[in-house]
Every structure is written in structure tokens, then in C-alpha cells.
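**Q** Curious how this folds, go ahead:
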Amino acid sequence: MKLHEIAELISGELTLPEFKDKEISGIGKIESASEDEITFIANPVYEKYFSGTSAGCVIVSKRFNETLYQRLDDRKLPLIRTEDPYLSFLTLLDIMSPQTELQKIGIHENAVISDTAEISSDEVRIGANCFIGEKVKIGARVSILPNTVILAGVEISDDVLIYPNVTIYQGTKIGARVIVHSGTTIGSDGFGQAKNSDGTFQKIPQKGIVVIGDDVEIGSNCTIDRATMGETVIHSGVKLDNMIQIAHNVEIGENTVIAAQSGIAGSTKIGKNCMIGGKVGIVGHITICDNVILTAATNVSKSITVPGMYSGYRSQPMRAELRQEAAIRSLNKKK
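**A** Alright, predicted model coming up:
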């Protein structure tokens, strides 16, 4: 693509019009991009690479001041200024590096599909060794990659992508445009055990289901447990990283994001637009309100009712946690 075409595509302003017909053939990192590639700066941490980059063009914000960075060579470097360079870069990435076809349209001859399953005739892809159980419903343009197991009564809406080796238990409902990555299990039994008088444990039947909204992405090796009764609910727009445990009857609000290795115990309700860092642990039967940020490795033992940033072994507002840490460090100095 030519630079003026790229600028028009991302609603940006090209700083050096004499480069409008310069051709760009690829996308690269700012540290290693070549002269026929375009790159971007969205995070100020990467501004230090501007003076030495070999890229043919850099997408930057409208506030970026290139005069602060002296070039290591004499060549002029065209910029494309946009309101949000990161989102602009993502738009360009989709066009210049399109997704390869993961699965051919159609049903592989080695797939096992129940006669009672309802599968759309519109561009559905089902790979080798998949199992589709009784009364499963699969919408249009769904891709189910090899070795995936979908048990009885599962409902999958349009434009869903399920990567290999996923297991979806009976009764699960999945909304439109959901992505489920390899190794994830949805709808397994919640951890319910009742202790008998003789010290043994008796399994509590898990009779509920999992409901997943639209535009959810679930990373690799996540486990989402079915409800004891009722529903475990992942609302629309939620994004889950890899290796996350979500227990029975948990509810996660719209557009909340959760990083890897976090665990949420049963019947906890998490609000909308929350950001949960890696290795966060959340106890059961509590509520976290909308717009809460939990920093990495925070442990939440009670409900959070005020939006804000929380951290620490026993979660508290981050400023309070930092003050306590500073006070503890000062004890050694007093000695």
C-alpha cells in the first residue's frame, strides 16, 4: 500500500506529503522494522527507539513531538498522526496481515455428529475427530477445529471460533463472535462437596449451566465451571487470558478483562469494566462493583463497593497499601 492510502484508511495525517506514493509492503516492530515496513508508537516507553528506527513510516499520536529525538541518519522519516495510534495500527494489521484459513468449509469425514444436532448450512467448519452430541445447535459461520468435544444440548451462536482440543459440557450456551482457545473446558462440575459425619465427602450434584455472552474471548487452558443450580454467567465483551479458573455460579460483568492464573471462587459477582491482573485470587460469595482495578497477585477476601485500584495480600486501596509498605520498610532504617 502507498502511504497516502494508509493515511486515508486510518484517518491520519501524513506529515511529509512528498512521501505520499512511498510503498509499504509489511508491518514491523519499531526496533527492527525495515524501510519498506510501517510501525507505530503508542506507549511512551518505545519513543526511545524513534531516533534509530529503520522503518519507512511511523504511526504516532497527534501529540508526539519528533523534534525531541535527533535522528541517527540524515534521511527524512514520514509520520502518520492519528488520535489513537494503537487502534490505527490494529486496523492496518488486519488488512496487511490477514488471518489464514484455519479450517476448510465443511464437515470433516472423521467428525462424529449426532443425528439430532442442528448445524447451519452457512459456511460452518468442523474439523477432524470432533464430537457433536445430541440436540446441539450450531449457528452460521462457526469454526470448530479438530479434536473438540461438544456434549448434548450445547447452543453455539453465529461466527464463533473454537480452537482444537476444547471440551464444552452439556447445556452450555455460547453467544455470537466468541473465541475459545485450545485446552479450555467449559461447563465442568463446580467444586461442591459435603462432609459426612464419618469424615468422608459426598459430591453435591452440579445441575446448572454456563452462559457466555457475545464477543467474549477465552484463552487457553481456562476452566469455567457449571452452576450448582442456575447459571455461571460470562457477560458480553469479557476477555479472559490463559489458565484462569472460574468457579460455579460466578458472574462476570460486561467488558471486564482478567489476566492469566487468576482464580475466582464460587458465587462471586464481578461488575462491568473491571481490570483484573495476573495471579489474583478472589474468595467466594462476595461482590466487586463496576470499574475496579485489581493489580497483579492481589487477594480479595471481602466485597469491594467503591470503584478504584486495589492491591495487596489483603486487598485495599492501592495508596493505602503503598503507605503500609513504605512504613514497614522504614522500620529497618530506624534501627
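**Q** I'd assumed Y49 was in a strand, is it?
**A** No - Y49 is assigned helix when assessed by DSSP: H, G, I helix; E, B strand; the rest coil, not a strand.
**Q** could you pull out the helices for the protein?
**A** Shown for the chain, the helices assigned by DSSP state H span residues 3-9, 85-96, 318-334.
**Q** got those helices as a markdown table, with distance to I113, mean neighbour count and mean pLDDT columns?
**A** (C-beta placed from N, C-alpha, C; glycine too.) Shown next, in a markdown table, are those (distance: least, CB to CB, whole Å; neighbours: other CB atoms under 10 Å; pLDDT from 0 to 100):
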| stretch | distance to I113 | mean neighbour count | mean pLDDT |
| --- | --- | --- | --- |
| helix 3-9 | 42 | 18 | 97 |
| helix 85-96 | 32 | 16 | 93 |
| helix 318-334 | 51 | 11 | 81 |
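**Q** Quick check: V149 touching P164?
**A** No - the pair V149 and P164 fails to qualify as a contact (CB atoms under 8 Å) at a distance of 10.9 Å.
**Q** related to what we said a few turns ago, can I get the helices of the chain in a markdown table with distance to K173?
**A** Shown next, in a markdown table, are those (distance: least, CB to CB, whole Å):
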| stretch | distance to K173 |
| --- | --- |
| helix 3-9 | 37 |
| helix 85-96 | 29 |
| helix 318-334 | 37 |
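**Q** Tell me which of the ones you listed approaches V283 most closely.
**A** Across the helices of the chain, V283 has its closest neighbour in helix 318-334 (17.8 Å, CB to CB).
**Q** Any idea what T167 is bridged to?
**A** T167 has these beta-bridge partners by DSSP bridges: V149, T185.
**Q** My read is that it contacts I186, right?
**A** Yes - using CB under 8 Å, T167 is in contact with I186, at 7.3 Å.
**Q** contacting residues for the residue positioned nearest the centre of the chain?
**A** Residue closest to the average C-alpha location in the chain (CA atoms, centre = their mean): K239, at 3.5 Å. Contacts of K239 were listed using CB atoms under 8 Å, 6 or more residues apart in numbering, and they are 216-217, 256-258.
**Q** Now with 6 Å, please.
**A** Applying CB atoms under 6 Å, 6 or more residues apart in numbering, we find K239 in contact with 217, 257.
**Q** What's opposite it in the beta bridge?
**A** Beta bridges link K239 to E217, V257, judged by DSSP bridges.
**Q** What separation is there between it and T256?
**A** Relative to T256, K239 is positioned 8 Å away (CB to CB, to the nearest Å).
**Q** circling back: between T167 and I186, who's got more neighbours?
**A** Taking other CB atoms under 10 Å, T167 and I186 do not tie; I186 has more neighbours (26 against 17).
**Q** is it true that the more buried one touches I168?
**A** Yes - taking contacts as CB atoms under 6 Å, I186 lies within contact range of I168: 4.9 Å.
**Q** Tell me where the model's unsure across the stretch 201-335 of the chain.
**A** Applying pLDDT under 70 to the stretch 201-335 of the chain flags residues 334-335.
**Q** Run a quick neighbour tally on H235.
**A** Counted with other CB under 10 Å, residues neighbouring H235 total 20.
**Q** next one: I168
**A** The burial count for I168: 26, using other CB under 10 Å.
**Q** tell me the pLDDT at it?
**A** Note on I168: pLDDT of 98.
**Q** Touching, it and T184? I think so.
**A** No - using CB under 6 Å as the test, I168 is too far from T184 to be in contact (8.7 Å).
**Q** And D159, how far from T172?
**A** 17 Å.
**Q** what about those two, which has more around it?
**A** T172 (22 against 18).
**Q** can you pull the pLDDT of the more buried one?
**A** 98.
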